[in-house]
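In: Here is the input, now give the coordinates:
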Amino acid sequence: QVQLVESGGGLVQAGGSLRLSCAASGRTFSWYTMAWFRQAPGKERVFVSRISWSGGTTAYSDSVKGRFTISRDNAKNTVYLQMNSLKPEDTAVYYCAADKRIGGVGRFVNQYDYWGQGTQVTVSS
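Out: Alright, predicted model coming up:
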């Protein structure tokens, strides 16, 4: 079992930056593909970014590519999402997720096994 706890959300003006963190429990964290999803009010939860177990492979949605950077520190059991040049449309609850399959490459909610409780990001115009 893996528990995920996100932090770092908040209120920021458009053009600003935030860094989200996701702390994971469990010795097998370093094996998992980790991802960030987000859910805006009244909308579905959607893929934002993904990072492989080693950190060597990353993927981003088109809407955040070039502005967001995902990274991980397996020694600290933590994954990060650096968000720059934030826009009002980035406003959402951001969720951290873990895929326990070796080499997982999913972009869909049902491909992830463990979820955090979410952290609110609000970008004002």
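
In: Now do the SS call for the residue nearest to the spatial centre of the chain.
Out: Central residue of the chain (CA atoms, centre = their mean): Trp36, 2.1 Å from the mean position. Three-state assignment for Trp36 (DSSP: H, G, I helix; E, B strand; the rest coil): strand.

In: Would you confirm that it contacts Tyr94?
Out: Yes - between Trp36 and Tyr94 there is a contact under CB atoms under 8 Å: 6.0 Å. Placement of C-beta: from N, CA and C, glycine included.

In: Need the overlap of contacts for those two.
Out: Listed as contacting both Trp36 and Tyr94 by CB atoms under 8 Å, 6 or more residues apart in numbering are 20, 48, 81.

In: Leaving out chain neighbours, which residue sits closest to the last one?
Out: I take that to be Leu81. Once flanking residues are discounted, Leu81 sits nearest to Leu20: 4.3 Å by CB to CB, 6 or more residues apart in numbering.

In: Surely the one you found and Thr78 touch.
Out: No - here Leu20 does not reach Thr78: they are 10.4 Å apart, not a contact under CB under 8 Å.

In: If you count surrounding residues, which of these two has more?
Out: Taking neighbours as other CB atoms under 10 Å, Leu20 and Thr78 compare with Leu20 leading, 23 against 18.

In: would that one count as being in a strand?
Out: Yes - assessed with three-state DSSP, Leu20 lies in a strand.

In: residues in contact with it?
Out: Contacts for Leu20 (CB under 8 Å, 6+ apart) come out as 6-9, 36, 80-81, 83, 94, 96, 119, 121.

In: how does it look with 7 Å?
Out: 6, 8-9, 80-81, 83, 94, 119 (CB atoms under 7 Å, 6 or more residues apart in numbering).

In: Just these: which are in helices?
Out: Taking DSSP state H, every one of these sits outside helices.

In: quick one, strands of this protein?
Out: With DSSP state E, the ranges of strands along the chain come out as 4-7, 10-13, 18-24, 33-39, 45-51, 58-60, 68-73, 78-83, 92-99, 114-115, 119-124.

In: Tell me which of the ones you listed lies nearest to Phe108.
Out: With CB to CB as the criterion, Phe108 lies closest to strand 45-51 of those, at 7.1 Å.
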